[in-house]
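1. Fold the following for me, if possible:
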Amino acid sequence: MIRRTKIVATLGPASSDAKVLDRMMEAGLDVVRLNFSHGTAQDHIDRAELVRSLARARGRAIGVLADLQGPKIRVGKFAEGKITLAIGDRFILDANCTLGNQERVGLDYKELPNDLERGATLLLDDGRIEMWVEEVKGAEIICRVMQGGVLSNNKGINRKGGGLSASALTEKDKEDLRTAAAFQADYIAISFPRSADDMHLARRLLREAGGYGMLVAKIERAEAIEALEEIVIASDAIMVARGDLGVEVGDAAVPALQKKIIRMARKYNRPVITATQMLESMIQNPIPTRAEVSDVANAVLDGTDAVMLSAETAAGNYPVEAIAAMHRVCIEAEKERDLEYNAKRLETTVARVDESVALAAIFTATHLDNVRAIASLTQSGSTCLWMSRISTAVPIYALTPEVATRRKVTLYRGVYPINFQQDSHHNRESLLIEAEEELRRRGAVREGDLIVLTIGEPIGQSGGTNTMKIVKVGAYKQKSR
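-> The predicted model follows:
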């Protein structure tokens with residue numbers, strides 16, 4: 001089987017060496033994530049170029065996802081590096097404090113006192129420490145510790161239930177957007193968006209910087225759930241960011257929300273990534289736990305386009321093994337297809353000719369015996385995206401001359417990019433023959449197999465897919481004889 005679900009892996013100290021990265025690609029890497037919470041702009045530029053250089057050497061396309069830090073609200077630093085809090089302790093979050101101690105600590109987000117009132121619950125260090133706000137006095141948030149533990153430098157702060165007003169795009173994010181535009185990141189993830197307006201602003205700033213990557217909305221705020229549909233529509237792709245989301249809405253609510261977010265993304269033809277702690281134990285261990293295997297498999301069964309590794313590949317001991325484990329799990333989970341969803345999707349009424357051709361191609365490939373491949377001669381990749389919304393065992397090949405399109409479709413479930421030149425000097429029949437030969441050369445089809453081909457006229461024009469054709473491999477050669 002060819003794996004349909006894509007694998008996104010975060011780069012970091014454990015995976016920045018060329019030899020390790022090359023092995024990760026061999027193990028099944030599809031998209032790399034550059035985490036802008038760490039490292040310099042030049043670090044990210046260098047890593048993106050290394051990835052693309054290695055991918056070119058392999059004759060492959062690897063997508064690059066630039067993940068912006070966003071308004072991560074954190075405590076400041078402690079004089080001793082950390083403290084230990086006990087239940088019942090009085091503790092102050094002080095916007096004016098410069099160096100923390102056992103009684104208080106500073107804040108990197110100075111406006112936090114304006115967002116809080118008596119009775120609010122704060123969750124620190126991904127929910128490991130819980131504090132109840134007794135009083136807000138000027139720059140001081142006076143709290144009572146409800147759940148204690150060790151609190152160290154720069155740990156994050158969330159408000160239970162959401163409600164913090166920090167903008168989704170900080171000044172650092174705006175500068176990082178310009179960096180991502182400079183190396184033409186294929187995807188840019190926006191952290192903590194609360195509304196469609198956050199995504200519209202990010203898109204405007206990216207375009208002004210000369211970037212044309214796809215915008216990914218990370219769903220990780222309670223407010224984002226309330227505005228989910230408008231955020232999905234305003235975005236190009238979605239990430240189920242289960243870490244901060246779980247802290248804000250409670251861990252028990254996350255599995256159902258994951259399914260809801262994936263359904264919403266698929267409804268609006270948006271690729272979706274499922275992220276956070278998928279194979280967390282593989283930071284230290286060479287094999288995953290059974291619970292982690294089930295978590296990855298369930299995301300695949302939910303219909304996610306991609307599953308993501310974070311610290312497992314950025315800082316873990318087994319980055320290559322983690323990708324190989326994800327590959328194995330995805331292959332097994334994909335043997336179960338969502339036929340009920342397919343039936344509903346294929347009954348959908350559409351307004352565009354190219355989308356109707358895409359649905360017709362998938363219906364034909366799914367119901368006609370001996371179809372071994374779908375070949376889409378495409379400029380923008382839109383036809384492939386629509387096809388990928390329906391679960392099928394037939395691989396979809398995006399044959400395109402556009403480098404940006406080949407990198408973009410690396411995130412689409414069941415779609416595989418191929419460098420294929422096409423221009424107005426080709427006629428349709430010669431292009432179809434060349435497409436067939438390309439698939440034969442790659443071992444995707446052989447003599448007698450059927451291929452469902454989609455193409456548009458005029459040739460080479462984006463958004464012009466208007467034809468579907470069923471080709472028997474070898475038939476053209478027999479005619480020429």
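2. show me the contacts for G70.
-> Residues counted as contacts of G70 (Cβ atoms under 8 Å, 6 or more residues apart in numbering) are A168, L169, T170, D173, I190, S191, F192, K218. Just so you know, the C-beta spots here come from the backbone N, C-alpha and C atoms, and that holds for glycine as well.
3. can you rerun that using 6 Å?
-> Taking Cβ atoms under 6 Å, 6 or more residues apart in numbering, we find G70 in contact with S191, F192.
4. Doesn't it belong to a strand?
-> No. Looking at G70 with DSSP: H, G, I helix; E, B strand; the rest coil, it is coil, so not inside a strand.
5. where does the stretch 351-481 of the chain dip in pLDDT?
-> The stretch 351-481 of the chain contains residues with pLDDT under 70 at 423-426, 458-463, 476-481.
6. can you list the domain ranges for this protein.
-> Structural domains assigned to the chain are 6-70+167-333, 82-159, 339-480, following automatic domain parsing.
7. On the three-state scheme, V452 is what?
-> Assigned state for V452: strand (three-state reduction, three-state DSSP).
8. Now do the residue nearest to G246 when sequence neighbours are not counted against N154, distance only.
-> Excluding its sequence neighbours, the residue lying closest to G246 (Cβ to Cβ, 6 or more residues apart in numbering) is V254, at 4.7 Å. V254 is 24 Å from N154, where distance means Cβ to Cβ, to the nearest Å.
9. Compare neighbour counts for these two and give me the winner.
-> In this view V254 and N154 are compared by other Cβ atoms under 10 Å, and V254 has more residues nearby, 18 against 12.
10. following the helix or strand hosting the more buried one, which helix or strand shows up next?
-> Assigned by DSSP states H and E, V254 belongs to helix 254-267. Scanning forward in sequence from helix 254-267 by DSSP H and E, the next helix or strand is strand 272-275.
11. What helices and strands are in contact with that following strand?
-> strand 237-241, strand 306-309 (3 or more Cβ pairs under 6 Å, 6 or more residues apart in numbering; DSSP states H and E).
12. ok, and what's touching the next helix or strand after the first one?
-> If I follow you right, that is strand 237-241. Counting by DSSP H and E, the next helix or strand C-terminal to strand 237-241 is helix 242-249. Helix 242-249 is touched from outside by L123, D126, G127, N158, G162, E220, A222, V254, T276, with contacts defined as Cβ under 6 Å, 6+ apart.
13. Check for me that the fourth one belongs to a helix.
-> No. In this structure, N158 is strand, not part of a helix, as judged by three-state DSSP.
14. Is it in contact with D125, as I believe?
-> No. Between N158 and D125 there is no contact under Cβ atoms under 6 Å: 9.7 Å.
15. between those two, who's got more neighbours?
-> Using other Cβ under 10 Å, the more surrounded residue of N158 and D125 is N158, with 26 against 18.
16. Contact partners for that one?
-> With Cβ under 6 Å, 6+ apart, N158 has these contacts: L123, V247, E248.
17. repeat that with 8 Å
-> By Cβ under 8 Å, 6+ apart, N158 lies in contact with I73, L122, L123, L124, G127, L164, D244, V247, E248.
18. State the pLDDT value of the residue nearest the centre of the chain.
-> Centroid-nearest residue in the chain, with Cα atoms, centre = their mean: I273, separated by 3.8 Å. pLDDT recorded at I273 is 98.
19. Now do the same contact list for it.
-> Contact analysis of I273 by Cβ under 8 Å, 6+ apart lists V8, V216, A237, I238, M239, V240, T304, D305, A306, V307, M308, L411.
20. Settle this for me: the third one is touching V272, isn't it.
-> So the one you mean is A237. Yes. Look at A237 against V272 with Cβ atoms under 8 Å: they come within range, at 6.8 Å.
21. Find residues that contact each of these two.
-> Common neighbours of A237 and V272, using Cβ under 8 Å, 6+ apart, are A265, D305.
22. what about the strands in the stretch 251-400 of the chain?
-> Here the stretch 251-400 of the chain has its strands, by DSSP state E, counting those that start in this stretch, at 272-275, 306-309, 371-377, 396-400.
23. quick one: which of those strands is nearest E355?
-> E355 lies closest to strand 371-377 among the strands of the stretch 251-400 of the chain, at 12.4 Å (Cβ to Cβ).
24. What strands line up against that closest one, and which way round?
-> Its sheet considered, strand 371-377 pairs with strand 396-400 (parallel), strand 450-456 (parallel) by DSSP bridges.
25. and R440, which of the three is it?
-> Per three-state DSSP, R440 ends up helix.
26. and it, what does it touch?
-> Contacts of R440 (Cβ under 8 Å, 6+ apart): R446, V473.
27. Quickly note the distance from it to Y318.
-> Using Cβ to Cβ, we find R440 at a distance of 37 Å from Y318.
28. same check, this time on A18
-> 18 Å.
29. Please say which of these two ends up with more neighbours.
-> Y318 (20 against 12).
30. Test my guess that that one contacts M282.
-> Yes. The pair Y318 and M282 qualifies as a contact (Cβ under 8 Å) at a distance of 5.4 Å.
31. Quickly list what's touching both of those two.
-> Common neighbours of Y318 and M282 (Cβ under 8 Å, 6+ apart) are E312.
32. Give me the contacts around stretch 41-59.
-> If you take Cβ under 8 Å, 6+ apart as the criterion, stretch 41-59 is touched by 11, 16, 18, 21-22, 25, 32, 34, 36, 61-62, 64, 66, 175-176, 179-180, 182-183, 185, 419.
33. Kindly recompute the last result at 7 Å.
-> For stretch 41-59, contacts defined as Cβ atoms under 7 Å, 6 or more residues apart in numbering pick out 11, 16, 18, 21-22, 25, 32, 34, 36, 61-62, 64, 66, 179, 182-183.
34. tell me the mean pLDDT over that stretch?
-> 96.
35. burial of the closest residue to A166 other than its chain neighbours, as a residue count?
-> Nearest non-adjacent residue to A166, counting by Cβ to Cβ, 6+ apart: P71, 3.6 Å away. The tally of other residues near P71 (other Cβ under 10 Å) stands at 19.
36. K469 too?
-> Neighbour tally, K469, other Cβ under 10 Å: 14.
37. part of a strand, is it?
-> Yes. Assigned with three-state DSSP, K469 falls within a strand.
38. Nearest spatial neighbour of it, chain-adjacent residues omitted?
-> Excluding the flanking residues, the one nearest K469 by Cβ to Cβ, 6+ apart is L453, at 4.7 Å.
39. So in terms of bridging, what pairs with the one you found?
-> Per DSSP bridges, residues listed as beta-bridge partners of L453: A375, K469.
40. Pretty sure it sits against T378.
-> No. If you go by Cβ atoms under 7 Å, L453 and T378 don't touch, sitting 11.1 Å apart.
41. So if I had to pick from these two, which one is more boxed in?
-> Neighbour totals were compared for L453 and T378, and T378 leads with 31 against 23 (other Cβ under 10 Å).
42. Tally up the residues packed near the nearest residue to L399 once chain neighbours are set aside, please.
-> Once flanking residues are discounted, L399 sits nearest to F420: 3.6 Å by Cβ to Cβ, 6+ apart. Using other Cβ under 10 Å, F420 has 20 neighbouring residues.
43. which residues touch F420?
-> F420 sits in contact with L399, T400, P401, A435, E438, where contact means Cβ under 7 Å, 6+ apart.
44. Give the buried residues for stretch 112-131.
-> Buried residues in stretch 112-131, counted by 16 or more other Cβ atoms under 10 Å: 112-113, 115-116, 120, 122-125, 127, 129-131.
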